[in-house]
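In: Sequence first, predicted coordinates after that:
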Amino acid sequence: MDIYADGESAKLDERRLAEDLGVSRTPIREALSRLEQEGLVETIPRKGTFVARKSKEEILEMISVWAALESMAARLATRVASDAEIGELRELFVTFEGKKGPQARIDEYSDTNIRFHQKIISLSKSALLKQMTDSLFVHMRAIRAQTITERDRADRSIIDHLHIIEAIEARDTELAERLVREHSFGLADHINNYVAYLD
C-alpha cells in the first residue's frame, strides 16, 4: 500500500481483508490491534481503522534515526560482510547502467531502491539493528517510494548508491558510513524543501 500517495489515510476494511486473505475476522482484528500498538494503524470510533500517516516533522525525525542506524549498518558491513555478499549490492544495479551513465527506469528502480536499503541492513549481520529498523521500515519504504519520482531523485539516488557500493567494496569504513548518512539526509532535505503533502 502506498501510504502517502493520496492526501488521506487509507481505510482498512476488516471484512475485505478477511476475504482477501482467506481467514476469519478474528485474526484480522488481532493483527490490526497489534499494528495499532506499533503505531502503524489507528482506530477512530464510528469511522473505522486507518493506516497511520506521519506528519512531515515525524518523517524527518524517522529519517534522522534511520540515517544513524543505516550508516552504522554500512560501517559494520565493511567489516563483517563477505565479498560475495557485498557483490549482491552491485548486482541490484547492473540493469540501470546506460550509455550516458547510470539511469533509472522508475518503474523498476523504486523496488530496487527499497531492496538496496534492506540489503545494507542485512550486511551488518546485526539482529538488533534489523529489529530497530523494522519498526521504521513501513514509513521509510512508503516515503522513499513516493519521493523517488520527484525532481530527478531517482537518477541522483542511483549515483549515490553506486558510490556507497564502491566504499563498502573497498571496505572504507568511514566513507561508507558517511555516504549512507548523507544519502539519508538528502532525502530529508528533499522532504523539507519540496514535499507539501505530508502536512
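Out: In hand now; what should we look at?

In: So what's the residue count around the nearest residue to Thr43 once chain neighbours are set aside?
Out: In space, Thr43 comes closest to Thr49 once its chain neighbours are excluded; the distance is 4.8 Å by C-beta to C-beta, 6 or more residues apart in numbering. Placement of C-beta: from N, CA and C, glycine included. For Thr49, the neighbour count with other C-beta atoms under 10 Å is 22.

In: Check Asn193 too.
Out: Should you count by other C-beta under 10 Å, Asn193 turns out to have 8 residues around it.

In: Surely it is within a helix?
Out: Yes - under DSSP: H, G, I helix; E, B strand; the rest coil, Asn193 falls within a helix.

In: where are the low-confidence patches of this protein?
Out: Across the chain, residues meeting the criterion (pLDDT under 70) sit at 1-2, 5-8, 95-108, 199.

In: rewinding a little: name whatever forms a beta bridge with the residue nearest to Thr43.
Out: Leu12, Thr43 (DSSP bridges).

In: wait, doesn't it sit right on Leu32?
Out: Yes - with contacts counted by C-beta atoms under 8 Å, Thr49 reaches Leu32, the gap being 5.5 Å.

In: tell me the domain boundaries of the chain?
Out: Split into domains by automatic domain parsing, the chain comes to 11-51, 56-194.

In: which of these is buried the deepest?
Out: domain 56-194 (a mean of 17; mean count of other C-beta atoms under 10 Å).

In: Start and end of it, how far apart?
Out: Start and end residues of domain 56-194 are separated by 11 Å (C-alpha to C-alpha, to the nearest Å).

In: Tell me the gap between it and the middle of its chain.
Out: 8 Å (C-alpha atoms, centre = their mean, to the nearest Å).

In: gap between Ala167 and Lys119?
Out: 14 Å (C-beta to C-beta, to the nearest Å).

In: so what's the backbone phi/psi at the residue positioned nearest the centre of the chain?
Out: Among the residues of the chain, the one closest to the centroid is Arg141, at 3.0 Å (C-alpha atoms, centre = their mean). Main-chain torsions, Arg141, degrees, to the nearest 10: phi -60, psi -50.

In: between the domains of the chain, which one is nearest to Ile3?
Out: With C-beta to C-beta as the criterion, Ile3 lies closest to domain 56-194 of those, at 4.0 Å.

In: I'd assumed Leu69 was in contact with Leu129.
Out: Yes - counting by C-beta under 8 Å, Leu69 is a contact partner of Leu129 at 5.9 Å.

In: between these two, what contacts are shared?
Out: By the contact definition C-beta atoms under 8 Å, 6 or more residues apart in numbering, Leu129 and Leu69 are jointly contacted by Ile121.

In: can you pull out the helices in this protein?
Out: 14-21, 25-37, 56-80, 83-91, 106-123, 127-147, 153-169, 173-194 (DSSP state H).

In: Including distance to Tyr4, could those helices go into TSV?
Out: Listed next are these as TSV, based on distance: least, C-beta to C-beta, whole Å:
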stretch	distance to Tyr4
helix 14-21	21
helix 25-37	17
helix 56-80	9
helix 83-91	27
helix 106-123	13
helix 127-147	4
helix 153-169	14
helix 173-194	10
